[in-house]
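Trainee: quick one: sequence and predicted model below, then my questions.
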Amino acid sequence: MQRSISSTNNVYGNLLHYHKPPTSITVARQQTPCDVFINHRGIDTKKNVAGLLYGHLMRLNLNPFLDSKNMKPGDKLFDKINTAIGGCKVGVAVFSPRYCQSYFCLHELARIMEAKKKVIPVFCDVKPSELIIKNHWRSPKHELDRFQSALDEAKYTVGLTFNSSKGDWPEFLMMATEAIIENLIEVEEEEGQKLIA
């Protein structure tokens, strides 16, 4: 028993020895606004469409926000998400079969639309006509109206469609990335013109 405790202490000591505090670059990266906010239903898309898109954008040195990657235990859910949405340039809404069952997905989408962000809808394994809000949470009517308005606006925005069982994943990532970069450039040009005016 004593030997295992001593071994544990050695491992723990080694971990502490090799652990380095975050550098100023890491801290600055965490505090900078995100370029792209990825709105998605985790149970449907976190480990495929949303997760792959996040990783691909990171490799391109963009700053995407994906809740499972950018949040840590102790973060205030709405504070962190609302801040990320407010600071992002483009929103990507990944619609999936169970998307409309999530209060959080619809809340994020409504915030993105209310903030007048550019939105790229991605219809993954679902048609826009299949996206229907049902009041699973007993929300007040004004909130349901807010969600429906945001959903309608997204459904009538040109987006991408993808069938995850038959689709070409590399082609999808390329098309989604091109759409995101084109929209980021457009947003930055608009911001530049506002500064000149």
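Mentor: Yep, that arrived.
Trainee: does the residue nearest the centre of the chain count as helix, strand or coil?
Mentor: With distances taken as CA atoms, centre = their mean, Ile38 lies nearest the centre of the chain, 2.0 Å away. Judged by DSSP: H, G, I helix; E, B strand; the rest coil, the three-state class of Ile38 is strand.
Trainee: what residues are up against it?
Mentor: Ala50, Leu53, Tyr54, Pro64, Phe65, Leu66, Val92, Val94 (CB atoms under 8 Å, 6 or more residues apart in numbering). No exception for glycine: its C-beta is placed from N, CA and C like everyone else's.
Trainee: where does the protein have low pLDDT?
Mentor: 1-31 (pLDDT under 70).
Trainee: sorry, back to before: roughly how far apart are the residue nearest to the centre of the chain and His142?
Mentor: Ile38 sits 27 Å away from His142, taking CB to CB, to the nearest Å as the criterion.
Trainee: one more: Leu62?
Mentor: In terms of CB to CB, Leu62 sits 35 Å off from His142.
Trainee: of these two, which one has the most company?
Mentor: More crowded of Leu62 and His142, by other CB atoms under 10 Å: Leu62, with 18 against 8.
Trainee: right, and the more buried one touches Pro33 too?
Mentor: No - between Leu62 and Pro33 there is no contact under CB atoms under 8 Å: 11.9 Å.
Trainee: buried sites along stretch 97-105?
Mentor: Using 16 or more other CB atoms under 10 Å as the test for burial, stretch 97-105 gives Tyr99, Cys100, Gln101, Ser102, Cys105.
Trainee: what's the answer for stretch 130-142, then?
Mentor: For stretch 130-142, by 16+ other CB under 10 Å, it's Leu131, Ile133, Ser139.
Trainee: residues touching Val158, list them.
Mentor: Pro121.
Trainee: distance of it from Cys100?
Mentor: Distance from Val158 to Cys100, counting by CB to CB: 20 Å.
Trainee: then Arg138?
Mentor: In terms of CB to CB, Arg138 sits 15 Å off from Cys100.
Trainee: how many other residues sit next to Ala115?
Mentor: The burial count for Ala115: 14, using other CB under 10 Å.
Trainee: thought it was touching Gly86?
Mentor: Yes - because the distance of 6.1 Å satisfies CB under 8 Å, Ala115 is recorded as touching Gly86.
Trainee: and the contacts of Ile38, which of them are in helices?
Mentor: Cross-referencing the contacts of Ile38 against helices under DSSP state H gives Ala50, Leu53, Tyr54.
Trainee: three-state assignment of the nearest residue to Leu160 once chain neighbours are set aside?
Mentor: Once flanking residues are discounted, Leu160 sits nearest to Val122: 4.9 Å by CB to CB, 6 or more residues apart in numbering. Assigned by three-state DSSP, the conformation of Val122 is strand.
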